[in-house]
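1. pasting a predicted model and its sequence here:
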Amino acid sequence: MAKSASDTQGIAARRAALRLLDGVLDEQRLLSEMGGEAGPMGRLPAPERARAQRLATETLRHLERADKLLGPHLRKRPALPVHNILRLGTYEICADGAAPHGVINALVEIARKGRHSQHQAGMINAVLRRIAEAGPEAWAALPPPKMPKWLRKQMVADYGKQAVEAMEAAHANGAPLDLSLKADAPEWAERLGGTRLPTGSLRLAEAGQVSALPGYAEGAWWVQDAAAALPVKVLAPQAGEKVLDLCAAPGGKTMQLAAAGAEVTALDLSESRMARVRENLARTRLSARCVVQDALEFSEGGFDAILLDAPCTATGTIRRHPDLPHAKDGGDFPALFALQERLIDHALTLLAPGGRLVFCTCSLLPDEGEIQVEDALKRHPGLRSDSAALAVPGVDPAWRTPEGGLRLRPDYWADLGGMDGFYIACLRQA
């Protein structure tokens with residue numbers, strides 16, 4: 001009997017999800033690097049691309065849970081392509097609510113056509129049937145997955161075991177969709193079925209296709225995690241101020257600055273990433289001068305305020321990007337720390353007298369936050385950390401750090417759905 005269209009599409013999406021898993025776990029590539037037409041998802045229709053992305057993302061999020069359930073049924077660790085088929089099937093059966101027989105049949109068919117998995121199709125069938133017998137109950141009884149050892153060891157040293165476990169629980173829960181509104185319009189919460197957060201962002205529990213939501217086409221809002229929206233609130237741009245967004249892409253903070261009425265220069269090294277900034281500005285009908293250049297070579301000065309969202313490890317975004325700790329091993333982190341130091345020093349030379357610099361990173365590592373600011377204050381006599389700028393509505397004073405910054409963590413606002421990990425500090429020159 002011929003397969004239905006839904007069967008064929010389900011197999012195509014699962015096959016693409018498996019290629020994404022192999023890319024992260026074997027090639028140490030980020031999911032964001034594999035989204036083009038030449039990537040694992042190829043020319044899949046948009047709904048199937050979204051499904052493949054979701055399946056890969058959630059399997060990576062719960063990889064440790066899947067491995068714990070699979071362990072008793074495996075005599076030895078299988079080859080990675082086979083292991084990933086089993087992991088995907090375990091996630092779908094135990095957490096995604098998919099019908100076990102459909103999952104098993106699709107994955108066995110995929111296995112039979114795979115060069116590295118065809119001889120293991122029978123084993124895959126048998127193991128996944130045992131997983132289906134255990135069901136969601138066995139899955140739910142497992143603790144949240146731990147961060148990989150290379151990252152967890154450092155995190156426990158910095159925050160303590162209890163705090164790290166709370167962060168891991170937040171990572172396992174994933175992230176809702178947060179929106180920044182172009183104008184403070186309370187009716188959008190009702191129109192979109194969202195909740196206004198204490199800091200003003202609008203949070204949606206079930207968003208669906210973003211571009212189909214009310215207000216998208218007219219540019220009334222943009223997607224931006226609530227934590228990522230706080231650096232601009234700390235900067236507090238005023239209408240007419242000359243403001244530089246030093247590492248601007250994809251443009252969320254640029255749009256915040258422009259919406260406040262500032263004269264914004266958005267700078268980024270990548271032409272393709274700057275194209276996204278221009279697209280977002282066009283959709284929201286906001287304006288900024290866009291410059292493609294290396295931030296360290298940009299020499300125009302006299303800015304009243306500068307926002308430096310520095311390149312970083314992005315460890316604060318794991319709840320949205322669970323591929324990151326599997327694709328990275330920390331080996332390139334020292335180079336990032338050094339780059340951040342150089343960017344701070346250079347940004348200070350671009351400020352007008354009495355100007356202010358907000359330095360921020362979407363990182364959980366103190367090396368990219370507290371320590372960077374401590375070191376900058378030592379390097380620059382007369383530079384001070386403006387703790388008064390941190391008094392933003394909705395920001396808990398307990399989040400402040402001794403050197404005068406804000407430390408945000410994924411487990412904060414746990415009852416509201418958490419937030420990205422971030423560090424933010426406002427520096428002023430004498």
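-> Ah, there it is. Residues are numbered from 1 along each chain as shown.

2. next up, the contacts around the residue lying closest to G382 once chain neighbours are set aside.
-> Leaving aside its chain neighbours, G382 sits nearest to A430 (3.6 Å; criterion: Cβ to Cβ, 6 or more residues apart in numbering). All C-beta atoms are positioned from the backbone trio N, CA, C, and that covers glycine. Residues near A430 by Cβ atoms under 8 Å, 6 or more residues apart in numbering: G382, L383, R384.

3. looks to me like K146 is in a helix.
-> No. Going by DSSP: H, G, I helix; E, B strand; the rest coil, the assignment for K146 is coil, not a helix.

4. need the contact list for D304.
-> The contact partners of D304, taken as Cβ under 8 Å, 6+ apart, are E241, K242, V243, L351, A352, G355, R356.

5. look up how far P237 lies from it.
-> To P237, D304 is 8 Å away according to Cβ to Cβ, to the nearest Å.

6. who touches both of the two?
-> V243.

7. quick check: longest strand of this structure.
-> Taking DSSP state E as the criterion, the chain has its longest strand at strand 351-361.

8. on contacts alone, who are the packing partners of that one?
-> helix 230-235, strand 303-309, helix 333-349, helix 370-379, strand 422-428 (3 or more Cβ pairs under 8 Å, 6 or more residues apart in numbering; DSSP states H and E).

9. in PDB, could you pull the C-alpha coordinates for it?
-> Extracted C-alpha coordinates of strand 351-361, given in PDB (Å, rounded to 0.1, in the frame of the first residue of the first chain):
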ATOM      1  CA  LEU A 351      32.200  58.200  23.900                       C
ATOM      2  CA  ALA A 352      31.700  61.900  24.200                       C
ATOM      3  CA  PRO A 353      32.900  63.400  27.500                       C
ATOM      4  CA  GLY A 354      30.500  62.200  30.300                       C
ATOM      5  CA  GLY A 355      29.100  59.500  28.000                       C
ATOM      6  CA  ARG A 356      28.000  56.100  29.100                       C
ATOM      7  CA  LEU A 357      28.700  52.600  28.000                       C
ATOM      8  CA  VAL A 358      26.400  49.600  28.700                       C
ATOM      9  CA  PHE A 359      28.400  46.400  28.400                       C
ATOM     10  CA  CYS A 360      26.500  43.200  28.300                       C
ATOM     11  CA  THR A 361      26.800  39.500  27.400                       C
END
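
10. contacts only, for the spatially most central residue of the chain.
-> Note on the chain: the residue nearest the mean C-alpha position is T317, at 3.7 Å, using Cα atoms, centre = their mean. T317 makes contact with D225, L324, C362, D420, G421 under the criterion Cβ under 8 Å, 6+ apart.

11. cool, and W222?
-> L179, S180, K182, G251, G252, M255, N280, R283, T284.

12. with adjacent residues omitted, what lies nearest to the fifth one?
-> Same thing as G252. Nearest residue to G252, sequence neighbours excluded (Cβ to Cβ, 6+ apart): Q224, at 4.0 Å.

13. so how far is A217 from that neighbour?
-> When distance is defined by Cβ to Cβ, Q224 is 18 Å away from A217.

14. the two: which has the busier surroundings?
-> Q224 (23 against 10; other Cβ atoms under 10 Å).

15. pretty sure that one is touching S180, no?
-> Yes. Counting by Cβ atoms under 8 Å, S180 is a contact partner of Q224 at 4.4 Å.

16. for the two, list the residues in contact with both.
-> With Cβ under 8 Å, 6+ apart as the test, Q224 and S180 both reach S201, G252, Q256.

17. right, and T401 touches R409 too?
-> No. The pair T401 / R409 is not scored as a contact, 11.6 Å apart, by Cβ under 8 Å.

18. pick the most deeply packed of the helices and strands packed on strand 351-361.
-> Among the helices and strands packed on strand 351-361, ranked by average contacts under mean count of other Cβ atoms under 10 Å, first place goes to strand 422-428 (a mean of 26).

19. relative to that one, what are the paired strands and their orientations?
-> When pairing is defined by DSSP bridges, strand 422-428 lines up against strand 351-361 (antiparallel), strand 384-385 (antiparallel), strand 405-408 (antiparallel).

20. list the contacts of that strand.
-> Residues outside strand 422-428 that contact it (Cβ under 8 Å, 6+ apart): 227-228, 230-231, 234-235, 316, 344, 348, 354-363, 366, 368-370, 373, 376-377, 383-386, 389-390, 403-408.
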